[in-house]
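Chemist: mind folding the following:
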Amino acid sequence: MKKLFCISLIFLLLFSVMNAQEVSPAGTEGGYFGKVIDPDKYIIGPGDRIRVFIIKENNQSETLDLTVSSTGNVLLPLAGSLKILNMSLTEASREIVRQLMKFYPKSTIQVDLISPRKMKIMITGEVASPGTYLISAVSTLDEAIKVAGGLKTSASTRKIQVKRKDKNIEVDYLRFLKYGDMEQNPYLEEGDAIYVPLMGKSVKVLGQVKNPGMYEIKEGERLKDLIDMAGGLTSRASLYGAILDRVDRERVELNLYNLIYGKEKEKEEANILLQEGDTITVLTEIKRIQVLGFVRNPGPIQIVEEPKITAEGVEVLGESIMGAKISELIRKAGGVLPNGSTRSIEVRRGGNPENKVVVDLYRVLVLGEESEENINVFPGDVIYVPPILKSVKILGEVKNPGMYEIKEG
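Modeler: All right, here's what the predicted structure looks like:
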């Protein structure tokens, strides 16, 4: 009989432990670990533990530990029962101090929350482990999602719903995850029901963004919003030639340069409205300098780490290394044509004709003035060789008779 009693007792103990694990899942049990709370926002409820410090006029101190009852009251010595249910911590502290000051005049009284209560919430929808959980009263939506095992890949991050009594709060959880927007990570209250719906309209961004992948979009969101959601462009991203693949439509080339650096109207035109199913690919930048105008092979010169040599030991035209001189880049483009100017070569910054530097290669190649060519040329710049506008012919007893380009003066 005694043996049977012991076996029954062990069974009951095991059952109690198992039952407790189900009610209070891993990560929710235990006390308060010092999380900073806002006393103006924390609402007092049954189970909260409050500590009152009283420093009397004679410097003697007294400490009171109070627990909020199931009816929302605390029992104060001398002052009696005080209802603080649904007050903010600030309001409750003020009321406790007011009541105690009647019996402890000329004392300093401080009130603090030492252990928030546990509360029950429900989380359903696209989370790993939906169910009812017992969590701390200072928990946020983010913490509740983590307790439930996190979001599934199919989950919406833009329209999570927190059902609270007679109102429904819609949360754009992505704004908290990406930008730290605390308004989109609200504190939870007793009885809240969290619903995580399936992902809504979505688009894909690939290539040279910091976090490529599938992103849920909201009505009215545009290309710039998507790039921001993906963490922005990488340092290797090309600002030209990004591709939009749209359902039932031909491939469209996007202008990221105008989107970021263009004038207001150019930005608006480049910032296209997103549609469900869009796929945007940001290409890797190929560093180029354009050599245009009166050269034998006008076009882009690709900037490489090391110039390539063909099997015959010949340099590959159309390639050059970073830091190459203007004369070298023109040579890579086949050299200046007979009717091309060597005295008024333009280096257009970022391809902008208004932002240019004029170089006189005659002073470099003939007179040996290297300082004339000490101009850095960067990917995106354009070297433009214009036609000869003014020239004179010199014949007779000179070392190099012929046609010569002249400049004003």
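
Chemist: C-alpha from now on. contacts and neighbour counts both.
Modeler: OK.

Chemist: now the helices for the stretch 201-350 of the chain?
Modeler: Assigned by DSSP state H, counting those that start in this stretch, the stretch 201-350 of the chain shows helices spanning 223-229, 256-261, 264-270, 326-332.

Chemist: may I have the host helix or strand of Leu174 exported as CSV, CA atoms only?
Modeler: Taking DSSP states H and E as the criterion, the element that holds Leu174 is helix 173-179. Taking C-alpha atoms only, helix 173-179 is exported to CSV below (Å, rounded to 0.1, in the frame of the first residue of the first chain):
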residue,chain,number,x,y,z
TYR,A,173,6.4,45.1,-37.9
LEU,A,174,8.9,45.6,-40.7
ARG,A,175,9.3,49.2,-39.8
PHE,A,176,10.5,48.1,-36.3
LEU,A,177,12.8,45.5,-37.7
LYS,A,178,14.4,47.7,-40.3
TYR,A,179,14.3,51.2,-38.8
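
Chemist: for that helix, buried residues please.
Modeler: For helix 173-179, a neighbour-count test (16 or more other CA atoms under 10 Å) marks 173-176 as buried.

Chemist: name the nearest of those relative to Asp192.
Modeler: Tyr173 (16.5 Å; CA to CA).

Chemist: any weak-confidence spans in the stretch 151-300 of the chain?
Modeler: The stretch 151-300 of the chain contains no residues with pLDDT under 70.

Chemist: now with 90?
Modeler: Scanning the stretch 151-300 of the chain for pLDDT under 90 picks out 165-166, 179, 189-190, 235-241, 247-252, 257, 261-263, 284-289, 299-300.

Chemist: all strands of it, in order?
Modeler: Using DSSP state E, counting those that start in this stretch, the strands of the stretch 151-300 of the chain run over 160-164, 167-171, 193-196, 202-207, 213-216, 240-245, 252-255, 279-282, 288-293, 299-304.

Chemist: list the contacts of stretch 65-78.
Modeler: For stretch 65-78, the external contacting residues (CA atoms under 8 Å, 6 or more residues apart in numbering) are 45-52, 81-86, 100, 103.

Chemist: distance from the chain centre to the helix holding Leu174, please.
Modeler: Centroid displacement of helix 173-179 relative to its chain, using CA atoms, centre = their mean, to the nearest Å, is 8 Å.

Chemist: now stretch 169-187
Modeler: That offset, for stretch 169-187, works out to 13 Å (CA atoms, centre = their mean).

Chemist: measure that stretch end to end?
Modeler: 12 Å (CA to CA, to the nearest Å).

Chemist: other residues contacting that stretch?
Modeler: Residues from elsewhere that reach stretch 169-187, judged by CA under 8 Å, 6+ apart: 138-142, 157-163, 229, 231.

Chemist: nearest to Arg249 among the residues you listed?
Modeler: Of all the contacts of stretch 169-187, Arg249 sits closest to Met229, with 24.5 Å by CA to CA.

Chemist: so which residue is dead centre in this protein?
Modeler: For the chain, the residue nearest the mean C-alpha position is Gly231 (4.0 Å; CA atoms, centre = their mean).

Chemist: I figured it hits Val209, correct?
Modeler: Yes: with contacts counted by CA atoms under 8 Å, Gly231 reaches Val209, the gap being 6.7 Å.

Chemist: all set, thanks.
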